[in-house]
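Peer 1: Provided below are the primary sequence and the corresponding predicted coordinates.
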Amino acid sequence: MHKQEQGYVWRSSENQSQGVGHVVDLVKNENVDVIFGSPSSRITVPAAHLTSYWNFPMITWIANSFELSDKNLFSTLVRTVGPLSESARLIVTMFNTFNWTKIGNLYLDFGLCLYTAEGIKEEFSAHNLTIMQSIAYHPATVLTRTVMVNYLSIIKQTSRIIYICDENNLRRYMILACELGMCNGEYVFITTYLSAPTEDIWKMNDAFDEQARRAFQHIIYINSAKWTTDEGREAIENFQKEVNEKAALPPWNNDYPLRNNITSTSAEDMYNAAYLYGLWVNYSASNVLDVRDGAAMLAFSKNLSFDGIGGPCDIGMNGDRVPFFWMNQFRGEDTQPEVVAISTDKNRNISITHGFEWYTADGNHPLDEPVCGFFGELCPIPENGI
């Protein structure tokens, strides 16, 4: 490690214009060598356009937009967060595993739901899989019962395997899906989120709990995994404790997380961002490269692997971390979330931990199309009617 004193200058941006302005200030006035951030994709996108224009290095540890995967546009940006859109590659692997070829999409056209949906479109096109229906609705849409039933009814006409994403309305959708006969074991609902599920996602202690409990048995819940081994879990827990202890010291003087045992969901990703930059500083110094050459930093980072806090941090061919995922089902009498499989080999394979549980008549995974087709077209009635 080349010995260099590293300092930092902090700016907090509340919107896109502030973010771009702060980048100008940091580069032109503070003379920084790299931009870390922003946590917000909305702010990162215009800021990363500017750093690309300047060929200035930028690393983000949490901005998750699918748009930021395009390194023809964002030619100096590296991400140590695994974009949730990468779960689309895992969904393709799942389809190959269960011999599925068709999916229907129903999702909120915003944020993480949108990012995954865009990933599904790209991955399905690349692997000759079919999107039968794609219903995306604006965040301002008033989701009355009638509207939601109509969406589900349209999807039901052509899809048995369904990507569904709307964190605030997933429970309502699933209860209505059961009312429409979609909880008979012949349908699978796939949803994706960053954080791991809890029973609170379906259990509201109201009159609909029993319906929701039955409905959520038909969901495969995919979320970003922080670790894959017990050792990784212990390492992250110790690291999070250390972060809280240091946050209570000057100059932060914030002991609230420590007193209330609150853990950061992204501290290890930020650690990985700082570690990756340290690797680049060493490499650029050893090879007499300009540490401020953003395109060179991106090229250095591609296919880079190093040990992160909770396990390996693998940077993909486009300079974004390739995440791994937990696949959860809600199981047992209490319908508790349980990890049933973990993605491996950069989401090209699945490692079964507890096995998937299906509710079909024969206990096997459902088909992605009825034997006779959605409209009976594959089982024509003989002319004699027999």
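Peer 2: On my side now, so go ahead.
Peer 1: Residue 155 reaches residue 102, doesn't it?
Peer 2: No. Between residue 155 and residue 102 there is no contact under Cβ atoms under 8 Å: 11.5 Å. Where C-beta positions appear, they are placed from N, C-alpha and C, glycine not excepted.
Peer 1: Tell me which of the two has more neighbours.
Peer 2: Neighbour tally, residue 155 and residue 102, criterion other Cβ atoms under 10 Å: the higher count belongs to residue 155, 25 against 19.
Peer 1: Tell me the secondary structure at the more buried one.
Peer 2: Under the three-state scheme (DSSP: H, G, I helix; E, B strand; the rest coil), the conformation of residue 155 reads as helix.
Peer 1: Checking residue 288 next. Helix, strand or coil?
Peer 2: At residue 288 the chain is in coil, as set by three-state DSSP.
Peer 1: For burial, what's the neighbour tally of it?
Peer 2: Other residues close to residue 288 by other Cβ under 10 Å number 6.
Peer 1: Residue 296 versus that one, what's the distance?
Peer 2: Between residue 288 and residue 296 the computed distance is 11 Å (Cβ to Cβ, to the nearest Å).
Peer 1: Over to residue 353?
Peer 2: When distances are taken as Cβ to Cβ, residue 353 and residue 296 turn out to be 41 Å apart.
Peer 1: who has more neighbours, those two?
Peer 2: Between residue 353 and residue 296, counted using other Cβ under 10 Å, the more crowded position is residue 296 (19 against 13).
Peer 1: Where does the more buried one fall, secondary structure wise?
Peer 2: When elements are assigned from DSSP states H and E, residue 296 belongs to helix 294-301.
Peer 1: same check, this time on residue 18
Peer 2: With elements taken from DSSP H and E, the one containing residue 18 is helix 16-28.
Peer 1: Surely residue 341 is in contact with residue 327?
Peer 2: Yes. Assessed by Cβ under 8 Å, residue 341 is found in contact with residue 327 at 4.2 Å.
Peer 1: what's the helix or strand encompassing residue 90 in contact with?
Peer 2: When secondary structure is defined by DSSP H and E, residue 90 falls within helix 87-97. The set of residues external to helix 87-97 that reach it, using Cβ atoms under 8 Å, 6 or more residues apart in numbering, is 100-101, 103, 116, 119-120, 122-124, 127, 129, 161, 163, 190, 192, 220, 222, 224, 323, 325, 327, 343, 346-350.
Peer 1: List the buried residues of that helix.
Peer 2: By neighbour count on 16 or more other Cβ atoms under 10 Å, the buried set for helix 87-97 is 87-95.
Peer 1: tell me the pLDDT at the residue nearest the centre of the chain?
Peer 2: Nearest to the centroid of the C-alpha atoms of the chain, with distances taken as Cα atoms, centre = their mean, sits residue 84, at 2.0 Å. Looking at residue 84, its pLDDT stands at 88.
Peer 1: One more: residue 2?
Peer 2: Reading off the confidence values, residue 2 has pLDDT 52.
Peer 1: rewinding a little: just the CA trace of the helix holding residue 296, in PDB.
Peer 2: Output of helix 294-301 as PDB, limited to C-alpha atoms (Å, rounded to 0.1, in the frame of the first residue of the first chain):
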ATOM      1  CA  GLY A 294     -11.900   8.200 -14.600                       C
ATOM      2  CA  ALA A 295     -12.000   6.000 -17.600                       C
ATOM      3  CA  ALA A 296      -8.800   4.300 -16.500                       C
ATOM      4  CA  MET A 297     -10.300   3.700 -13.100                       C
ATOM      5  CA  LEU A 298     -13.400   2.100 -14.600                       C
ATOM      6  CA  ALA A 299     -11.200  -0.100 -16.900                       C
ATOM      7  CA  PHE A 300      -9.200  -1.200 -13.800                       C
ATOM      8  CA  SER A 301     -12.300  -2.000 -11.900                       C
END
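Peer 1: Tally up the residues packed near residue 217, please.
Peer 2: Neighbouring residues of residue 217 were enumerated by other Cβ under 10 Å; the total is 19.
Peer 1: Going by neighbour count, which residues in stretch 362-374 are buried?
Peer 2: Buried residues in stretch 362-374, counting neighbours by 16+ other Cβ under 10 Å, are found at 365-366, 368-369.
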